[in-house]
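Asks: need coordinates for the following:
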Amino acid sequence: MMRRILIISITLLFISFSTISCSKKKSASTEYIPSALKDYSIFQSGSYWRFKNETTGNYDSTYIAHGLSFTYNHEGDNDYSPILECCTIHYSGSFLQETYIEPTAYTLFFKGLQLEAIDPSPFLPAHFIELDPITSLTNMSTLDSMTIYNNKFYNVFITKWQRIRSSTDTVRCFSYFVKKIGLVRFERYENRTDTIWNLMNYHIVPY
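Replies: Numbering: from 1, shown residues only. Okay, here's the model as predicted:
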């Protein structure tokens, strides 16, 4: 009889621990990419952008090559830390190669350059963010409108990414974004070398 009671007790204890463990795992919250950031960064396959390099006169047709890749991973090393929604988009072309979107940042990957272009937490003009001791991101003033070739864009959101390695080694990048279109202009200034890409035409498949 005592043995039977002991077995039942152990079984109930095991079930209790399992229930507690499951409930803890279920309690891990999920942080999604803000919808406001998605408006600037996430588009479907079939979208393309044709840019002109104003410095060299070269053109680049950038389109989404392999669709969208979403992942959901814990922020920390345990199962109880928040789960982050992240999205990677691969592009064709020689200009923009990849973008990585997470709840707190939008990162652009160019040839030989990786930069955080948007921090979605404030979306406020003149907001300064120190990314590390030598790198910063600043939200510039939003333009009411801007004309690039035959396209007129409204409410253009501009950010400035800057990395200062020394007094003679500084990289400054200005990114111009429009909702539902994405990047419309990109400026890079590095060691007396200026590179400006302007959007000429585009086709967007909304997310």
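
Asks: hang on, residue 169 packs against residue 162?
Replies: No: in this structure residue 169 lies outside contact range of residue 162 using C-beta atoms under 8 Å: 11.9 Å. For the C-beta atoms, the positions are set from N, CA and C on the backbone; glycine is no exception.

Asks: between these two, which one's more packed in?
Replies: The neighbour count for residue 169 versus residue 162, taken as other C-beta atoms under 10 Å, is higher for residue 162 (17 against 11).

Asks: beta partners of the more buried one?
Replies: Note on residue 162: beta-bridge partners residue 136, residue 172, judged by DSSP bridges.

Asks: residue 150 - how many residues pack around it?
Replies: Other residues close to residue 150 by other C-beta under 10 Å number 7.

Asks: distance of it from residue 131?
Replies: Using C-beta to C-beta, to the nearest Å, we find residue 150 at a distance of 36 Å from residue 131.

Asks: mind listing the strands for this protein?
Replies: Applying DSSP state E to the chain gives strands spanning 30-31, 48-53, 59-74, 83-91, 96-102, 105-110, 113-118, 128-132, 135-139, 143-148, 151-166, 169-178, 182-190, 193-203.

Asks: contact partners of the shortest one?
Replies: With C-beta atoms under 8 Å, 6 or more residues apart in numbering as the contact definition, strand 30-31 has outside contacts at 72, 75, 82, 83, 84, 85, 103.

Asks: so residue 152 sits right up against residue 178, yeah?
Replies: No: here residue 152 lies out of contact with residue 178, judged by C-beta under 8 Å, at a distance of 10.3 Å.

Asks: pLDDT weak spots in this protein?
Replies: In the predicted model, the chain carries pLDDT under 70 at residues 1-27, 122, 125.
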